[in-house]
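# Structure for the following, please:
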Amino acid sequence: MPLRRYRTHQDDAKPPPPPPPPQLTPYERASVDMLAEITRMLERHLEHSGKSHEEDVTERFRKQGPK
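Alright, predicted model coming up:
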């Protein structure tokens, strides 16, 4: 029976290498790039406003006033 190797803190610090990237079609690559850019824009907006989406929507409706 082989000996079990116990995990150490050093083992936790080194995650396994990522798998090789899949080959994407130009359309898929463009879609991934577009989604990545949208995500960056949303993250920047959240960082600048410092509010959750719900707080942001509530404030917008409050500013609009009654219809």
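# what about the longest helix in the protein?
In the chain, with assignment by DSSP state H, the single longest helix is helix 26-49.
# helices and strands around the helix or strand just after that one, which ones?
Scanning forward in sequence from helix 26-49 by DSSP states H and E, the next helix or strand is helix 53-64. Packed against helix 53-64, as judged by 3 or more Cβ pairs under 8 Å, 6 or more residues apart in numbering; DSSP states H and E, are no other helices or strands. C-betas here are computed from N, CA, C, even on glycine.
# Tell me what angle helix 53-64 forms with helix 26-49.
In terms of direction (axes from the mean of the first three to the mean of the last three Cα atoms, to 10 degrees), helix 53-64 departs from helix 26-49 by 70 degrees.
# Look up how far L46 lies from the residue most central in space within the chain.
The centroid of the chain falls nearest to T39 when counting by Cα atoms, centre = their mean (7.0 Å). According to Cβ to Cβ, to the nearest Å, T39 and L46 sit 11 Å apart.
# Check P22 too.
According to Cβ to Cβ, P22 and L46 sit 29 Å apart.
# Could you give the number of residues near L46?
Applying other Cβ atoms under 10 Å, we find 13 residues neighbouring L46.
# residue contacts, it?
By Cβ atoms under 8 Å, 6 or more residues apart in numbering, the contact set of L46 is H53.
# Point out where this protein drops to low pLDDT.
Counting by pLDDT under 70, the chain contains low-confidence residues at 1-12, 49, 67.
# again, 50 this time
Across the chain, not a single residue meets the criterion (pLDDT under 50).
# Flag every buried residue along the longest helix of the chain.
With burial defined by 16 or more other Cβ atoms under 10 Å, not one residue of helix 26-49 is counted as buried.
# Output it as PDB, nothing but the C-alphas.
C-alpha atoms of helix 26-49 as PDB (Å, rounded to 0.1, in the frame of the first residue of the first chain):
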ATOM      1  CA  PRO A  26     -13.100  33.800 -34.700                       C
ATOM      2  CA  TYR A  27     -16.800  34.200 -33.800                       C
ATOM      3  CA  GLU A  28     -16.400  32.600 -30.400                       C
ATOM      4  CA  ARG A  29     -13.200  34.600 -29.700                       C
ATOM      5  CA  ALA A  30     -15.000  37.800 -30.600                       C
ATOM      6  CA  SER A  31     -17.900  36.800 -28.200                       C
ATOM      7  CA  VAL A  32     -15.500  36.100 -25.400                       C
ATOM      8  CA  ASP A  33     -13.700  39.400 -25.900                       C
ATOM      9  CA  MET A  34     -17.000  41.300 -26.000                       C
ATOM     10  CA  LEU A  35     -18.200  39.600 -22.700                       C
ATOM     11  CA  ALA A  36     -14.800  40.300 -21.100                       C
ATOM     12  CA  GLU A  37     -15.000  44.000 -22.000                       C
ATOM     13  CA  ILE A  38     -18.600  44.300 -20.800                       C
ATOM     14  CA  THR A  39     -17.600  42.700 -17.500                       C
ATOM     15  CA  ARG A  40     -14.700  45.200 -17.100                       C
ATOM     16  CA  MET A  41     -17.100  48.100 -17.800                       C
ATOM     17  CA  LEU A  42     -19.600  46.800 -15.200                       C
ATOM     18  CA  GLU A  43     -16.800  46.300 -12.600                       C
ATOM     19  CA  ARG A  44     -15.500  49.800 -13.200                       C
ATOM     20  CA  HIS A  45     -18.900  51.300 -12.800                       C
ATOM     21  CA  LEU A  46     -19.500  49.400  -9.500                       C
ATOM     22  CA  GLU A  47     -16.100  50.500  -8.200                       C
ATOM     23  CA  HIS A  48     -16.800  54.200  -9.000                       C
ATOM     24  CA  SER A  49     -20.300  54.200  -7.700                       C
END
